[in-house]
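Asker: let's see this in three dimensions:
(2 chains)
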Amino acid sequence: MTTNRVVTATINGVETPLLVDTRMSLLEALRDAAGLTGTKEGCLTGDCGACTVILDGRPVDSCLVMAAEVEGAAITTVEGLARNGALHPVQQAFLDHAALQCGVCTPGFLVSAKALLDKNPAPTEEQIRYWLAGNLCRCTGYEKILSAVQDAARSLKTTR
Amino acid sequence: MERRSDAPASPYKVIGTRPIRHDGEDKVTGRAQFAADVNFRDQLYGKVLRSPHAHARILAVDVSRAQALPGVKAIATHQDLPTLGEAMLETGEGAENTKYMTDRILASDKALYKGHPIAAVAATDPWTAEQALGLIEVRYEPLPAVVDVLDAMQPDAPLLYPDVTTSTLGKRERKATNVIRHTRHQRGDIEKGFAQADHVIEREFRTATVHQGYIEPQACSALARSDGQITVWTGTQGAFPVREQLATLLKLPLSQIKVVPMEIGGGFGGKIQVYLEPLAVILSRKSGRPVKLGMTRADVFQATGPAPRVVSRIKLGVKRDGTLTAAKAWLVYECGAFPSVYGVMGANMVLAPYRLANVQVDSYDVLTNTSKTAAYRAPASPQALFGTEAVMDELAERLGMDPLELRLKNAVEEGDARVDGLVYPRLGLKECLRAALASDHYRSAPPKGPNRARAVALGYWHNNSFTSSATVGVNMDGTASVVTGSTDIGGSRASMAIMAAETLGLKAEEVRPSVADTDSIGHTDVTGGSRTTFATGYAVYEAAQDALAQLKTRVARLWDVPADQVEFREGAFHGTGDGKGDGKGNGHPPLTVRQLGKELARVGGPVLGSATVSPKGVGPGFGVHIADIEVDPETGKVTILRYTAVQDVGRAIHPAYVEGQMQGGVVQGIGWALNEEYVFNDQGEMLNPGFLDYRMPTMPDVPRIETILVEVPNPGHPYGVRGVGETPIVPPLGTLHNAIARAVGVRLRSLPMSPPKVVQALQEKARAEAVAARPG
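Answerer: Prediction:
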């Protein structure tokens, strides 16, 4: 009852055909078919945000999207944030502020934060906290993540 | 961040700075390899069949239909494990009796909790493996389950084991029971002590079962070769303890097993015991192929170690001037379905911050039909100190005394003894209390308005040492590498590089730190017990000293002087000759390790220093927390307006990660205090095994967490390090309990203090007040 099919999506700017099992989630397709293991599994129920990717401009839990649904879509994963070897300001800010400890929730936070800053370049503390409410971190207490996102917003403003 | 140091100004160049962690870029670009990221071309996918019953006799397991399913390559059951005798295996933050270990990995005659593994399957794809689980036929005879610890202590309670008896104060009783151990500590005369008191308060407290809540579910891969050599890739707090557990479980020599620690997505004590690794090894042995296994989040909640629920009764007596005269504590710790040791540990913790002449502590470890409890950040301490700190707050209110001053009056210091006899070395509890009293937060006006208040509580963790190894290699250009066996969970590679750099006179960026597998470094115990920066840091220091000793012979050759005329100080080699006779070393300008690097090729080449240490001078960890809160009496929701954590951190090697440990610990403690709990039905089934219903704090739930780092260097470590990771989870339970009490006048004494419980307590209070106000 295996049903494989080819799904073609633009992943991190590159049109990529993927051979997927139709039972696969987008998370599994990214990790197992595309080899992009930066996107993490934390719960498979859409509650932790570790698997967040940007799908056609919107942050989504990739564990809740079927792979077969993404034909023709544009997807950004954590691997697509850095450009030509230069880190995205939000990645740099996470390093500067020690905003990660174990690092497993970090890809989801980075992708969610990028989606926020794409939409709202000057978020308030409250807007950051509520936008990132769907991303769980168990190590940091969120304090340094908040500082990092605020700092990334500032540095994006100056480079814009 | 406010930062405070009671020690003299830092004598260090690198220690205390905040370099970017060396492994950081891999973690922000998605390149870091965690256990679930490991894949092999010919791998099989494993799945685990788990008991649907919390307590049942297993009458028969028939795997024949599953075995016949195309794509199924191996099935493991209890028969694949040897029988082990009684022996205690120390795993790092709690020991395990080997007699019960094989049953914990795969059930034999009984399922002892819902989620208990019965069998495991390896197949060519995960869907086939899942389908095969459904074809395994297990016949169960369900038995009554016992979930609550007090129920489990009753004489007529259902028994988990027919042959377990109580070890009471070291002696074994004869009657079978679920109470595996009674621990008692006594000092002085409590009757006399309570008689001297002007106020005596005794209260009962309950905490709920909570989970470590790491975001990465357990995962591993194993390859067993036909020559018997085994390699395991896993996310663990300790590769060496995994190797030891596997060798014990499979009766193999340690040299036959290699454990490769991948990046780990959080552990907090929950990734020390093995769960999946033995299954992966057995399935790989049977199939001859690499086998990958992972848990779902529901598996993680139901079948990996939560922290024990505790029932406690705390009685304290105090004189009018605030001096404690006596203390009595009674504690019951939940083991889950297999013996554990947290009651023993809790007995040491419960009164640890206070100087007491008259004291008695009784503590019990009790079996229940739930997953075996495991270490969770400062294991046993939050549950124990919750009650103590709540009673202290009530005493302060009754005395009309500042709650920090009451604690300061009774705080332990160097030379005082814990109830179990441990004598405290240099510690900074009083320094923390004074820092809290002097803090901007505590000096600011308490929150105004109804349903708002400020409160405080203390925390303690003894901190561990155990054994660590390190090598420090000095390269041909004078840069260095440092290799340890300590899994890096919260930035330890950076702190190891800092300590090596400080010792060698290099910059943090000139040192490359890495974590090695069990073949590539000496024995190293778990990353846990707040021991890594202390003990592994000690090993790094010793290994760097070993490298320097070797480099001295190189310098001596370069300068053509005897080696004893070369010394290393202030980051460079100096000659020690007196300027007379043949003290040639004196004439040379100081030489740094970087400068020496260029010369190494002609004076003997690069060096490798190494050390394996089990340092004794562990420094205890104490902290003080302050919270301002507001309670919404309509909904019962508690909003934290301001939160400050003060802690004696010994010496902050990388202050940003010290703050991070404190902030992370605080938020876990907030979750424990306000929302997190396992909800069980009377059949022992957890009704909320997911992040939606097991409610961990999210970003909007918490305020900014302010930190005050008090540095009272630990004389037992060359750089003054004392563990910092665990203490900060302890105080939030008492702090928030006391704040709610002071805000709305109800003392809940039961965790979590979730909105429905707060509302209920307020309604009960209103009813009681209405009755009292009734005329006549």
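Asker: contacts only, for A:G80.
Answerer: The neighbourhood of A:G80, defined by CB atoms under 8 Å, 6 or more residues apart in numbering or on different chains, consists of A:I11, A:N12, A:G13. In this view, the C-beta of every residue, glycine as well, is placed from N, C-alpha and C.
Asker: any idea which of those residues is closest to chain B?
Answerer: Proximity to chain B was ranked across these by CB to the nearest CB; first place goes to A:N12, at 10.4 Å.
Asker: count of residues packed around that closest one?
Answerer: Counted with other CB atoms under 10 Å in any protein chain shown, residues neighbouring A:N12 total 19.
Asker: what do you get for the one 3 residues further on?
Answerer: In terms of burial, A:E15 registers 10 neighbours under the definition other CB under 10 Å.
Asker: what about residue 21, neighbour count?
Answerer: Chain wasn't specified; assuming chain A. The local packing of A:D21 (other CB under 10 Å) involves 18 other residues.
Asker: nope, chain B please
Answerer: B:R21 has 27 nearby residues by other CB under 10 Å.
Asker: before we move on, what about B:V164?
Answerer: Using other CB under 10 Å, B:V164 has 16 neighbouring residues.
Asker: show me which helix runs longest in the chain.
Answerer: Answering for chain A, as no chain was given. helix A:143-159 (DSSP state H).
Asker: meant chain B actually
Answerer: Longest helix in chain B by number of residues (criterion: DSSP H): helix B:537-559.
Asker: list phi and psi for the closest residue to B:T467 other than its chain neighbours.
Answerer: Spatial nearest neighbour of B:T467, chain neighbours left out: B:S614 (4.6 Å); criterion: CB to CB, 6 or more residues apart in numbering or on different chains. Torsion angles at B:S614 (phi, psi; degrees, to the nearest 10) stand at phi -130, psi 70.
Asker: against B:F534, how distant is B:S614?
Answerer: 11 Å (CB to CB, to the nearest Å).
Asker: of those two, who's got more company?
Answerer: Higher neighbour count among B:S614 and B:F534: B:F534, with 27 against 13, using other CB under 10 Å.
Asker: any stretches of chain A with poor pLDDT?
Answerer: Residues of chain A meeting the criterion pLDDT under 70: A:1-2, A:160.
Asker: could you rerun that using 90?
Answerer: Per-residue confidence for chain A (pLDDT under 90) gives these ranges: A:1-3, A:85, A:157-160.
Asker: which parts of it are strands?
Answerer: Ranges of strands in chain A, per DSSP state E, are A:4-11, A:14-21, A:52-55, A:58-61, A:74-76.
Asker: low pLDDT regions in the stretch 651-776 of chain B?
Answerer: B:682, B:773-776.
Asker: please redo it, this time with the cut-off set to 70
Answerer: Short version for the stretch 651-776 of chain B, where the test is pLDDT under 70: B:776.
Asker: of all of the stretch 451-600 of chain B, which residue lies closest to chain A?
Answerer: Closest point on the stretch 451-600 of chain B to chain A, by CB to the nearest CB, is B:G490, at 4.0 Å.
Asker: which residue, neighbours along the chain excluded, lies closest to that residue?
Answerer: A:Q101 is the one closest to B:G490 (CB to CB, 6+ apart), at 4.0 Å.
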